[in-house]
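In: sequence-free structure coming up:
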């Protein structure tokens, strides 16, 4: 006859093994990812009333054709040289801005044939319907890089910090409000010096 | 002094492992809470392009995702190899994008409805025609803030 009395204790020694098994499962399936990408703003669908007249020399035309070739200001260009060309165009400062002021922070060649002032300079990007998305993003990236390069230069000169780094801090949700309030006017000042005027024409139908 | 004879040397007591399950459970609960299961399974090839001038896209509750790319091999005999748009769990036509964005926007909290970003997760081999069509649809519903989601890397990696 079986021994009566207190029931035998359940051995809990294997609990750790079971927990480990679960732990490893969740460790493997976890992806703590934050997406990152190029932020852009689309133009509103209604065209603005009285579109301003823009001089041809203030437009930097970039065309990507269906074979993913790059045509900058009607000349074939390699993607490697695009950033430099865009910087040169934006930083030219050959004329005067909206209120007739000349660009005193520009370090460009002040060529009268190129853009007047960073606030007037517009980069126009046009692509074909058959352009590959990867190429398009590469071109976008280089153009944004040109703006960032100039903004970083001015931010370093004025505040001793990079614009991109300041912007990241500003957008970080963990940053305190006091720091944000401090950064906001600085960021706006630099954005005003080199406003990002990147226009995307609707693609050509081939 | 027989009372104070030393205990036998060299016989270390075994380390108690009774608290080990507790520690492991703690870790387990941590990972269980931070894990986010992917909400939509991709039916398309989705190799994002590379870029280095990127901005982070935190706060997932403020983002609407639109995927596009070629259907994956197991869907190709049914849907062909032309690039398609995927919204949530199914393939969609360009004309459905606007309604999808409006429906997603309506489902968000009211204070977030004006700060939504549309993340375009597009495969790098897609033609710009499709992307332009999506952008045109987004403009129609006034969803102007977009983000071309990319992978970290230099732009030159996009060109083969």
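Out: Looks like it arrived, so ask away. Please read these numbers as outputs of a predicted model, since none were measured by experiment. Numbers count the residues shown, from 1 in each chain, chains lettered A, B, ... in the order given.

In: Let me see the ranges of the strands in the chain.
Out: Let's take chain A. For chain A, the strands defined by DSSP state E cover A:35-41, A:59-64, A:70-72, A:75-76, A:122-127, A:198-200.

In: if you could check chain B rather than the one you did, that'd help
Out: B:50-51, B:55-57, B:63-69, B:84-87, B:90-92, B:117-122, B:145-152.

In: rewinding a little: just so I know, which of the strands of chain A lies nearest chain B?
Out: Proximity to chain B, assessed across the strands of chain A by CB to the nearest CB, is greatest for strand A:35-41 (3.9 Å). From N, CA and C alone the C-beta is placed, and that goes for glycine too.

In: Residue A:57 and residue A:115 touch, don't they?
Out: Yes. The pair residue A:57 / residue A:115 is scored as a contact, 6.6 Å apart, by CB atoms under 8 Å.

In: between those two, which one's more packed in?
Out: residue A:115 (27 against 18; other CB atoms under 10 Å in any protein chain shown).

In: Relative to chain B, how far out is that one?
Out: Going from residue A:115 to chain B by CB to the nearest CB, to the nearest Å gives 21 Å.

In: before we move on, back to that, could you redo the strands of chain B as JSON lines and give each row mean pLDDT, distance to chain A and mean neighbour count?
Out: What follows is the strands of chain B, written out as JSON lines (pLDDT from 0 to 100; distance: least, CB to the nearest CB, whole Å; neighbours: other CB atoms under 10 Å in any protein chain shown):
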{"stretch": "strand B:50-51", "mean pLDDT": "88", "distance to chain A": "4", "mean neighbour count": "24"}
{"stretch": "strand B:55-57", "mean pLDDT": "81", "distance to chain A": "4", "mean neighbour count": "16"}
{"stretch": "strand B:63-69", "mean pLDDT": "88", "distance to chain A": "8", "mean neighbour count": "22"}
{"stretch": "strand B:84-87", "mean pLDDT": "88", "distance to chain A": "13", "mean neighbour count": "22"}
{"stretch": "strand B:90-92", "mean pLDDT": "86", "distance to chain A": "18", "mean neighbour count": "14"}
{"stretch": "strand B:117-122", "mean pLDDT": "89", "distance to chain A": "5", "mean neighbour count": "23"}
{"stretch": "strand B:145-152", "mean pLDDT": "87", "distance to chain A": "4", "mean neighbour count": "20"}
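
In: Make CSV from the ones you listed and add distance to residue A:78 to it.
Out: Output for the strands of chain B, formatted as CSV (distance: least, CB to CB, whole Å):
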stretch, distance to residue A:78
strand B:50-51, 17
strand B:55-57, 27
strand B:63-69, 27
strand B:84-87, 32
strand B:90-92, 37
strand B:117-122, 24
strand B:145-152, 21
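
In: Out of these, the one nearest residue A:10 is which?
Out: Nearest of these to residue A:10, taken as CB to CB: strand B:63-69 at 47.4 Å.

In: Give me the angle between that closest one and strand B:145-152.
Out: 60 degrees (axes from the mean of the first three to the mean of the last three CA atoms, to 10 degrees).

In: packing partners for strand B:63-69?
Out: With contacts defined as 3 or more CB pairs under 8 Å, 6 or more residues apart in numbering or on different chains; DSSP states H and E, the packing partners of strand B:63-69 are strand B:84-87, helix B:96-107, strand B:117-122, helix B:128-140.

In: run the last query once more with 6 Å
Out: Packing partners of strand B:63-69 (3 or more CB pairs under 6 Å, 6 or more residues apart in numbering or on different chains; DSSP states H and E): strand B:117-122.

In: pLDDT on the helix of greatest length in chain A, on average?
Out: What stands out as the longest helix in chain A, according to DSSP state H, is helix A:133-159. For helix A:133-159, mean pLDDT rounds to 89.

In: now that helix, how far from the centre of its chain.
Out: Between the centre of helix A:133-159 and the centre of its chain there are 7 Å (CA atoms, centre = their mean, to the nearest Å).

In: Buried residues, it. List them.
Out: Across helix A:133-159, burial judged by 16 or more other CB atoms under 10 Å in any protein chain shown covers A:133-155.

In: and those residues near chain B, which?
Out: When contact is defined as CB under 6 Å from any CB of the partner chain, the buried residues of helix A:133-159 meet chain B at A:133, A:134, A:136, A:137, A:138, A:141, A:142, A:144, A:145, A:148.

In: Surely the second one and residue B:49 touch.
Out: I take that to be residue A:134. Yes. Under the criterion of CB atoms under 6 Å, residue A:134 makes contact with residue B:49 at 4.3 Å.

In: Near chain B, which residues of chain A? Just list them.
Out: Selection of chain A residues close to chain B by CB under 6 Å from any CB yields A:15-16, A:19-20, A:22-23, A:26-27, A:30, A:34-42, A:45, A:127, A:129-131, A:133-134, A:136-138, A:141-142, A:144-145, A:148, A:203.

In: Just the buried ones from those residues?
Out: Buried subset of the residues of chain A next to chain B (neighbour count, 16+ other CB under 10 Å): A:15-16, A:19, A:22-23, A:26, A:35-40, A:42, A:127, A:129-131, A:133-134, A:136-138, A:141-142, A:144-145, A:148, A:203.

In: Name all residues that make contact with residue 57.
Out: Going with chain A. By CB atoms under 6 Å, 6 or more residues apart in numbering or on different chains, no residues touch residue A:57.

In: try chain B instead
Out: Neighbours of residue B:57 in contact, by CB under 6 Å, 6+ apart: A:35, B:147.
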